[in-house]
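Engineer: Fold the following for me, if possible:
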Amino acid sequence: IGRIAFPLYAFMLAEGLHKTHDRWNYILRLALIWAVIFLTEFVFSFVNPEMMAKVSAQAFTDLLCYALFITLLESKGGFKLLSLLPFGYVILSYVADVMENLEALDGTFVPYWTNYFPLWVRSGYTLFGFVLFLGFYYVAPLVKKIVTSEEKKRELNLGDDFETTPTYQSLLNLTSCSVLVVVTVIFWALSYLWPAGDTIFWLNPQTYALLAGLILFCYNGKRGYHAKWFTYANYLYYPVHIALLALIFFLSLGQF
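Structural biologist: Residues are numbered from 1 along each chain as shown. Now for the predicted structure:
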C-alpha cells in the first residue's frame, strides 16, 4: 500500500506547483512539515540508530528537493544556478546508496563519508523519484503545447476553453499514467542490469506503484474537499504515521 503513495505525492506536488499562487509559501509549508519530521528523527537516531534505517520520512526530503529544484530552475537570473543544490543532494544520496549496495553485493569498500550521511537524512527515492516527478511536472505544458494547434483542437473536438473540459483532463491523466508506467518499467529493467543501482526498493515491491495509475486516471483536475480540519489532518498525517511506526518499533524492540 505504501508503494502506491509516493507517485501520488509526486503527482500532487507537480499539480500544486503549477496551480499555487505563491510557490515560496507552498514550499514553506512543505519545509515546516519536513523540519518537524526531521528533528524528530534526529532525536530518534540517538535513541536507536538501527530503527532509523527502517522508519524514516525520506519521502518528504524528496518532495522538498523537487519543489526547490523546479522553483529555482524557473527563477530569473543567477537563482537558476541554485537549482544545482537540491539536484546535487539527490545525486549525493544516490551515490551513497549505490556504494552501500555494492558493499552488500560484492564486498566493495564503502567510503567513510557515508557514515556521516545516514539513510534517514538522504533523499529516499533518489533518481527514480526525481525522474518520476519531472515527468509529472512537464506533462501539463507538453500536452498543452501539443493540443493548442488548431488542427489538434479540431481533431479532439476542443474549443478555446479546452483546458476546462473532461476530454483534456483525461488526456492529461492518461499521459501522467504513461509516465508512471514508463519510468517504473525503465528503472525495474535497469535494476536487473545493474543491481547496485537499485537504491530504493529491490525493485519488485515498487512495481505496486503502478496501481497508483488507477487513481491518477480518475483525477478531475479540481481541488477536493478542503475544510480546515481536513486540511490540517492531511498535514499531520505523515508525521503522525511516522511517529506511530517508530512507537511500534520501540515496543517490538523492548525499548519501553
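Engineer: going forward, measure contacts between C-alpha atoms and count neighbours the same way
Structural biologist: Will do.
Engineer: In the protein, which helix is the longest?
Structural biologist: Determined from DSSP state H, the single longest helix within the chain is helix 166-193.
Engineer: Just the residues contacting the helix or strand following that one, thanks.
Structural biologist: Tracing the chain C-terminally past helix 166-193 and defining elements by DSSP states H and E, one meets helix 212-217 next. Helix 212-217 is contacted from outside by 4, 5, 7, 8, 170, 173, 174, 176, 177, 180, using C-alpha atoms under 8 Å, 6 or more residues apart in numbering.
Engineer: Now helix 212-217: buried residues?
Structural biologist: Within helix 212-217, the residues that count as buried by 16 or more other C-alpha atoms under 10 Å are 212, 213, 216, 217.
Engineer: Export those residues to CSV and append columns for distance to residue 109 and pLDDT.
Structural biologist: Putting these into CSV (distance: C-alpha to C-alpha, whole Å; pLDDT from 0 to 100) gives the following:
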residue, distance to residue 109, pLDDT
212, 38, 94
213, 39, 94
216, 42, 94
217, 45, 93
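Engineer: where does the protein have low pLDDT?
Structural biologist: 47-57, 104, 107-108, 148-162, 197-204, 254-256 (pLDDT under 70).
Engineer: where along it do the helices fall?
Structural biologist: Here the chain has its helices, by DSSP H, at 2-19, 23-47, 49-52, 58-73, 84-106, 126-147, 150-155, 166-193, 212-217, 228-252.
Engineer: Let me have those helices in JSON lines, extended by distance to residue 119.
Structural biologist: JSON lines is the format used below for the helices of the chain (distance: least, C-alpha to C-alpha, whole Å):
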{"stretch": "helix 2-19", "distance to residue 119": "18"}
{"stretch": "helix 23-47", "distance to residue 119": "11"}
{"stretch": "helix 49-52", "distance to residue 119": "8"}
{"stretch": "helix 58-73", "distance to residue 119": "8"}
{"stretch": "helix 84-106", "distance to residue 119": "8"}
{"stretch": "helix 126-147", "distance to residue 119": "12"}
{"stretch": "helix 150-155", "distance to residue 119": "48"}
{"stretch": "helix 166-193", "distance to residue 119": "20"}
{"stretch": "helix 212-217", "distance to residue 119": "26"}
{"stretch": "helix 228-252", "distance to residue 119": "15"}
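Engineer: Which one of the ones you listed lies nearest to residue 117?
Structural biologist: helix 84-106 (7.9 Å; C-alpha to C-alpha).
Engineer: now what about that closest one, what contacts it?
Structural biologist: Here helix 84-106 has contacts from 62, 65-66, 68-69, 108-111, 114, 117, 122-124, 126-127, 130, 196-199, using C-alpha under 8 Å, 6+ apart.
Engineer: Could you list the buried residues of that helix?
Structural biologist: 86-87, 89-102.
Engineer: cool, and stretch 34-51?
Structural biologist: By neighbour count with 16+ other C-alpha under 10 Å, stretch 34-51 contains the buried residues 34, 37, 38, 40, 41, 44, 45, 51.
Engineer: Contact partners for residue 205?
Structural biologist: So residue 205 contacts residue 3 (C-alpha under 8 Å, 6+ apart).
Engineer: try the one 3 residues further on
Structural biologist: By C-alpha under 8 Å, 6+ apart, the contact set of residue 208 is 1, 3, 4.
Engineer: burial count for the last one?
Structural biologist: Yep, that's residue 4 we're talking about. 17 (other C-alpha atoms under 10 Å).
Engineer: so what's it up against?
Structural biologist: For residue 4, the contact set (C-alpha under 8 Å, 6+ apart) comprises 208, 209, 210, 211, 212.
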